[in-house]
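> Build me a structure from this.
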Amino acid sequence: MEREELIKEIVDAVCSELGKTKCVDGGICILCGECIQKNPAGTEAILNAGATRIASSPGSVPSNKEIAKFIDHTLLKPDATEDDIRKLCAEAIQYGFASVCVNPYWVALCAELLKDSSTKVCTVIGFPLGTTTTETKVFEAKQAKKDGAEEFDMVINIGALKSGDYRAVYDDIKSVVESVSPNIVKVIIETALLTDEEKVEACAISREAGANFVKTSTGFSGGGATVADVQLMKSVVGSELEVKASGGVRDYETAMEMIKAGASRIGASAGIAIITGEQETIRDY
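The predicted structure is shown next:
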């Protein structure tokens with residue numbers, strides 16, 4: 001089957017099923033175990049379209065405290081100070097977050113502050129537009145790794161994707177993946193700027209290029225993570241890649257919706273509020 005036909009088949013099947021929420025009407029919501037039991041034909045349609053994992057039960061639901069290991073504690077705003085970064089790292093140690101996600105300039109400091117903890121240092125590459133050259137992204141990633149970064153959230157070349165230049169998108173991702181291998185690379189596809197078809201294509205290319213995650217958003221393009229997007233992305237990548245939901249996740253309930261939809265990592269600047277349930281001053285990335 002031609003690539004375009006396969007993409008169309010995946011989009012048509014997944015989007016059609018995501019749009020049906022009532023089991024009694026013959027739809028399948030993907031998250032609900034009852035859907036899989038009551039509508040095996042709908043489940044089969046999604047599997048045939050390319051999904052390799054559909055949850056048949058809610059699975060293990062983390063508590064507020066346990067959810068910390070799902071969170072990349074994030075501070076990417078341009079006016080973040082050294083004191084802000086030191087506070088971010090102290091919070092990450094206190095609450096046991098999976099990582100801190102910071103701009104490349106702060107990687108070395110974070111690596112020093114977190115060296116005796118289990119929290120990893122995550123940084124961003126080609127952020128937030130994704131329009132730097134591949135060579136620039138590779139240099140940035142290599143330097144960040146030297147400085148102590150362990151995970152890398154790179155932004156795809158969105159314009160190339162929307163222009164249909166899939167080879168350029170693939171080469172861009174593959175080059176960054178190879179430059180920091182075997183470290184984790186998360187590919188930010190910027191869902192707010194893409195059609196559903198483009199989201200599927202971006203996820204498929206990321207999988208082929210050897211990425212470890214696909215990620216919803218930078219938080220800088222006017223839209224964040226949605227349950228529908230996380231479901232769609234997980235339906236495409238299946239068990240081969242993980243999904244990171246980022247942008248607009250500010251409380252435990254929203255974080256749980258994303259995890260139930262298939263996310264295994266949450267990018268959030270409101271990590272403490274997610275865990276404690278307490279209101280805190282909302283800061284942008």
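
> what residues go with each domain of this protein?
According to the TED database, the chain comprises the domains 3-49, 64-276.

> weakest of those domains in terms of mean pLDDT?
Of all the domains of the chain, mean pLDDT reaches its minimum on domain 3-49 (a mean of 51).

> what ranges do the strands span in the stretch 101-250 of the chain?
For the stretch 101-250 of the chain, the strands defined by DSSP state E, counting those that start in this stretch occupy 120-125, 151-155, 184-188, 213-215, 242-246.

> and the last one, what does it pack onto?
The one in question is strand 242-246. When contacts are defined as 3 or more Cβ pairs under 8 Å, 6 or more residues apart in numbering; DSSP states H and E, strand 242-246 sits against strand 71-75, strand 213-215, helix 227-237, strand 265-268. Where C-beta positions appear, they are placed from N, C-alpha and C, glycine not excepted.

> Ok, the first one next?
With contacts defined as 3+ Cβ pairs under 8 Å, 6+ apart, the secondary structure elements packing on strand 120-125 are strand 99-102, helix 107-113, helix 134-147, strand 151-155.

> which residues does Ala90 contact?
Counting by Cβ atoms under 8 Å, 6 or more residues apart in numbering, Ala90 makes contact with Leu113.

> which SSE is it in?
Using DSSP states H and E, Ala90 sits in helix 82-95.

> and that helix, which residues are buried?
85, 88-89, 91-93, 95 (16 or more other Cβ atoms under 10 Å).

> Go through the domains of the chain and pick out the most buried.
Mean neighbours per residue, mean count of other Cβ atoms under 10 Å, is largest over these for domain 64-276, with a mean of 20.

> first to last residue in that one, what's the distance?
Taking Cα to Cα, to the nearest Å, domain 64-276 runs 7 Å from one end to the other.

> and Gly159, what does it touch?
When contacts are counted by Cβ under 8 Å, 6+ apart, Gly159 touches Thr131.

> separation between it and Leu109?
Distance of Gly159 to Leu109, given as Cβ to Cβ, to the nearest Å: 33 Å.

> Quickly list what the nearest residue to Phe213 once chain neighbours are set aside is bridged to.
If the residues on either side of it in the chain are set aside, Phe213 comes closest to Lys186, at 3.7 Å by Cβ to Cβ, 6 or more residues apart in numbering. According to DSSP bridges, the partner residues bridging Lys186 are Asp153, Phe213.

> Tell me the spacing between Lys186 and Gly164.
To Gly164, Lys186 is 24 Å away according to Cβ to Cβ.

> Format the helices and strands packed on strand 120-125 as CSV; extra columns: distance to Val236.
Converted to CSV, the helices and strands packed on strand 120-125 look like this (distance: least, Cβ to Cβ, whole Å):
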stretch, distance to Val236
strand 99-102, 24
helix 107-113, 31
helix 134-147, 23
strand 151-155, 18
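
> Quick one, which of these gets closest to Gly262.
Gly262 sits nearest to strand 151-155 of all those, at 17.9 Å, using Cβ to Cβ.

> Distance from the closest one to the middle of the chain?
10 Å (Cα atoms, centre = their mean, to the nearest Å).

> Tell me which other helices or strands it touches.
Counting contacts by 3+ Cβ pairs under 8 Å, 6+ apart, strand 151-155 packs against strand 99-102, strand 120-125, helix 134-147, helix 166-180, strand 184-188.

> now that strand and helix 166-180, what's the angle there?
160 degrees (axes from the mean of the first three to the mean of the last three Cα atoms, to 10 degrees).

> So what's the gap between the helix holding Ala90 and the chain middle?
22 Å.

> How about stretch 150-157?
10 Å.

> for stretch 99-110, same thing?
Worked out by Cα atoms, centre = their mean, stretch 99-110 lies 18 Å from the chain centre.
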